[in-house]
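Peer 1: Predicted model follows, preceded by the sequence.
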Amino acid sequence: MDQIIVRGNGPLHGEIPIAGAKNACLTLMPATLLTDQPLTLTNAPRLSDIRTMTALLQSLGAEVASLQEGRVLALSSHGLDNHTADYDIVRKMRASILVLGPMLARDGHAVVSLPGGCAIGARPVDLHLKAFEAMGAELDLRDGYVHAKAPAGGLRGAVIDFPIVSVGATENALLAATLARGTTVLKNAAREPEIVDLAECLRRMGAQIEGEGTSTITIQGVQALGGATHPVVTDRIELGTYMLAPAICGGEVELLGGRINLLSAFCEKLDAAGVSVTETERGLKVARKNGRIRAVDVVTEPFPGFPTDLQAQMMALLCTAEGTSVLEERIFENRFMHAPELTRMGARIEVHGGHATVHGVAKLRGAPVMATDLRASVSLILAGLAAEGETIVSRVYHLDRGYEKVVRKLRGVGADIERIKEPVDA
Ligand SMILES: CC(=O)N[C@H]1[C@@H](OP(=O)(O)OP(=O)(O)OC[C@H]2O[C@@H](n3ccc(=O)[nH]c3=O)[C@H](O)[C@@H]2O)O[C@H](CO)[C@@H](O)[C@@H]1O
Ligand SMILES: C=C(OP(=O)(O)O)C(=O)O
């Protein structure tokens, strides 16, 4: 297994290109199951999660070709020869549940393994299932699998009022509703840029959708969808992560392709902490205003609030802020696993339930640390960039799920970082 070694070496300067969004691309790829025409996704990120979704779609009988070194994905599903999403693939990646809606809508049946819990929380899928039931599907949970069947004549449009905002359930219902009979109204829908991107792609395929980006999305079902070419939206989480690099280390870095409206709540917190963010023609320029970072309080919320996927990285910044910050995690019940690892580097953090209190220290010190999940891993790298001495991050396979070429991107702005094979006796 690989490790990443980081040595804090002062301010960073230069530019970092931002890739297409993992969380958009994983949602767009299953849209191929809605049509027998080709779907081409450009600006795709090169990540292990994309390879997992590729394997899942191929296991169902779809064709997925990775072109231009993975930047372009050419997908096509003429006819599926399998409608079962196997546990062995689904357990690797929760986005796998998003094949359920499209298969149910196009072919009237699907069997998908329940994804199960994961390190950051229980992450149930009951809201996805309730949405399909509202559209007339019959669902049966057997042997860890959801066996789903559409009513005769196919799914029916329905009014679905989500009791809480769910990105995944909104996406699954949106995908399915494009081919349902009649009108579907999704109330209390998620408003994330990845959902807007999905709606734009589906519309290019011929779907009739209105209201994406607001909390009410209306979908008029159509008989069939066609092919399309669609560019994947910028990864706002990769963007926010790299914005934190100059915030933590000093210097000035331009994030190519970045836009403030992808991350307004995050940018407001950076401003309050003493970090300047300016929009340029090519993206966003980020620099520390002057002096030490100031403590700020953060509450994670659905979009347009502060994203849960940037909470760990923000905590890395606040470890060396002046004063005490409180981070409240409202989306996932166990998303502070980076806190004990940051503590190994000299941070002063107390976690009580969904709250983490961070007392800023003047300096972090390098240490061997363990990545526990995707965003936790990158928070340890960010902390390592600002620490004195050497930080060795193990279990970096988590990182490969969501960050392409992290070593190359950070080296490009002057960071001292390398990836090595873990010594065999480690
Ligand atoms: C609202 C939110 O910030 N969602 C995040 C969530 O999306 P993801 O789609 O994974 O999760 P959801 O948005 O569905 O979950 C939001 C909340 O609803 C609960 N829930 C969800 C579905 C369901 O059927 N039943 C249920 O109770 C979840 O446990 C969670 O507490 O994780 C992704 C990966 O970290 C992030 O990119 C998303 O920003
Ligand atoms: C946790 C994440 O992804 P997933 O929902 O695929 O687990 C993430 O993107 O931070």
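Peer 2: Yep, it's here. Ligands and ions are numbered 1, 2, ... in the order given.

Peer 1: who touches the closest residue to residue 324 other than its chain neighbours in this structure?
Peer 2: Among residues not flanking residue 324 along the chain, residue 359 sits closest, at 5.1 Å (Cβ to Cβ, 6 or more residues apart in numbering). For every residue, glycine as well, the C-beta is placed using N, CA and C. Neighbour list for residue 359: 324, 348-349 [criterion: Cβ atoms under 8 Å, 6 or more residues apart in numbering].

Peer 1: can you rerun that using 10 Å?
Peer 2: Applying Cβ atoms under 10 Å, 6 or more residues apart in numbering to residue 359 gives the contacts 295, 318-319, 321, 323-325, 347-350.

Peer 1: go on, residue 277?
Peer 2: By Cβ under 10 Å, 6+ apart, the residues touching residue 277 are 243, 247, 255, 258, 260, 263, 266-268, 270-271, 284-287.

Peer 1: among the residues you listed, which are in helices?
Peer 2: 243, 247, 266-268, 270-271 (DSSP state H).

Peer 1: JSON lines please, covering those and showing pLDDT.
Peer 2: JSON lines is the format used below for the ones in helices among the contacts of residue 277 (pLDDT from 0 to 100):
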{"residue": "243", "pLDDT": "98"}
{"residue": "247", "pLDDT": "98"}
{"residue": "266", "pLDDT": "98"}
{"residue": "267", "pLDDT": "98"}
{"residue": "268", "pLDDT": "98"}
{"residue": "270", "pLDDT": "98"}
{"residue": "271", "pLDDT": "98"}
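
Peer 1: quick check, nearest of those to ligand 2?
Peer 2: Taking Cβ to the nearest ligand atom as the measure, ligand 2 lies nearest residue 266 of the ones in helices among the contacts of residue 277, at 14.2 Å.

Peer 1: Phi and psi next, for the closest residue to ligand 2 within the chain.
Peer 2: Closest to ligand 2 within the chain is residue 309: 4.1 Å, counting by Cβ to the nearest ligand atom. Here is the backbone geometry of residue 309 (degrees, to the nearest 10): phi -70, psi 0.

Peer 1: And for residue 250?
Peer 2: The phi/psi pair for residue 250 (degrees, to the nearest 10) reads phi 90, psi 180.

Peer 1: is it true that it touches residue 11?
Peer 2: Yes. Between residue 250 and residue 11 there is a contact at 3.8 Å, judged by Cβ atoms under 10 Å.

Peer 1: Chain neighbours aside, what residue packs nearest to the residue of the chain closest to ligand 2?
Peer 2: Residue 309 sits nearest to residue 237 (Cβ to Cβ, 6+ apart), 4.5 Å away.

Peer 1: That neighbour belongs to a helix, doesn't it?
Peer 2: Yes. Under DSSP: H, G, I helix; E, B strand; the rest coil, residue 237 falls within a helix.

Peer 1: Can you report how many residues lie near it?
Peer 2: Residue 237 is flanked by 26 other residues according to other Cβ atoms under 10 Å.

Peer 1: Look up the pLDDT of it for me, please.
Peer 2: Per-residue confidence at residue 237 stands at 98 (pLDDT).

Peer 1: What's the separation between it and residue 19?
Peer 2: Distance from residue 237 to residue 19, counting by Cβ to Cβ, to the nearest Å: 10 Å.

Peer 1: any common contacting residues for these two?
Peer 2: What both residue 237 and residue 19 touch, as defined by Cβ under 10 Å, 6+ apart, is the set 402-403.

Peer 1: What ranges does the stretch 201-350 of the chain have for its strands?
Peer 2: With strands called from DSSP state E, counting those that start in this stretch, the stretch 201-350 of the chain shows them at 208-210, 216-220, 228-231, 251-256, 275-279, 283-288, 298-299, 324-328, 348-352.

Peer 1: mind checking which of those strands is nearest residue 155?
Peer 2: strand 216-220 (11.1 Å; Cβ to Cβ).

Peer 1: for the closest one, what is the average pLDDT?
Peer 2: Throughout strand 216-220, pLDDT has a mean value of 98.

Peer 1: Repeat that for stretch 289-309.
Peer 2: 96.

Peer 1: follow-up on the earlier one: generate a PyMOL selection restricted to the buried subset of the ones in helices among the contacts of residue 277.
Peer 2: To isolate the buried ones among the ones in helices among the contacts of residue 277 in PyMOL, judged by 16 or more other Cβ atoms under 10 Å, type:
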select buried, resi 243+247+266+267+270
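
Peer 1: Tell me which two of the ones in helices among the contacts of residue 277 sit farthest apart.
Peer 2: Spatial extent of those (Cβ to Cβ) is set by the pair 247 and 268 at 13.6 Å.

Peer 1: picking up where we left off before, from the contacts of residue 359, list just the buried residues.
Peer 2: Among the contacts of residue 359, the ones that count as buried by 16+ other Cβ under 10 Å are 295, 318-319, 321, 325, 347, 349.

Peer 1: From residue 346, how far out is residue 355?
Peer 2: Using Cβ to Cβ, residue 355 is found at 21 Å from residue 346.

Peer 1: Residue 285 now?
Peer 2: Taken as Cβ to Cβ, the span from residue 285 to residue 346 is 30 Å.

Peer 1: Tell me who's in contact with the residue in the stretch 201-350 of the chain positioned nearest to ligand 1.
Peer 2: Proximity of the stretch 201-350 of the chain to ligand 1 (Cβ to the nearest ligand atom) peaks at residue 302, 3.8 Å away. By Cβ under 10 Å, 6+ apart, the contact list for residue 302 reads 164-167, 170, 188-192, 215, 308, 330-331.

Peer 1: Tell me the one of those residues nearest residue 107?
Peer 2: For the contacts of residue 302, the residue nearest residue 107 by Cβ to Cβ is residue 170; the value is 22.2 Å.
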